[in-house]
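Trainee: Next one to model:
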Amino acid sequence: MQKMKTPRDLADGIKGRKVDGVLRATFFLSRSEARRRAKQLFEEFPSGAYMTEIEAWRELPGGVIELTIKRLKDAIDEPE
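Mentor: Model (predicted):
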């Protein structure tokens, strides 16, 4: 069983991280909902423009999927 993180644990975990223009979003969903959410994000933020990728995908107890997707904050400009 995974221990619930306190706000202090979360703050300590992000302290000292550098800002690199990459956004990450983590979701805890059923398998079908995780697939649907990933597809939606890839449609909204295409890989070519935002470098969107699934950073982590794992199954937790009870069949819950932890899904982390990362992408650039802004789209890459196409060269002219």
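Trainee: Any chance you could list what contacts the helix or strand encompassing residue 68?
Mentor: Assessed by DSSP states H and E, residue 68 sits inside strand 65-72. The contact list for strand 65-72 (C-beta atoms under 8 Å, 6 or more residues apart in numbering) reads 21-31, 33-34, 37-38, 41, 45, 50-60. Every C-beta, even on glycine, is put in place using the N, C-alpha and C of the backbone.
Trainee: and what of stretch 37-50?
Mentor: 25, 27, 29, 52-54, 67, 69, 71-72, 74-76.
Trainee: Just the buried ones from these?
Mentor: 52, 67, 69, 71 (16 or more other C-beta atoms under 10 Å).
Trainee: what's the spacing between the last one and residue 62?
Mentor: This points to residue 71. 28 Å (C-beta to C-beta, to the nearest Å).
Trainee: Could you do the third one as well?
Mentor: According to C-beta to C-beta, residue 69 stands 21 Å off from residue 62.
Trainee: just residue 12 next, same as before
Mentor: 27 Å.
Trainee: returning to what we had before: take the contacts of strand 65-72 and keep only those in helices.
Mentor: Among the contacts of strand 65-72, the residues falling in helices (DSSP state H) are 31, 33-34, 37-38, 41, 50.
Trainee: follow-up on the earlier one: compare residue 12 and residue 62 (neighbour count), which wins?
Mentor: Neighbour count, other C-beta atoms under 10 Å: between residue 12 and residue 62, residue 12 has more, with 11 against 6.
Trainee: Could I get the pLDDT score of that one?
Mentor: Residue 12 is assigned 72 on the pLDDT scale.
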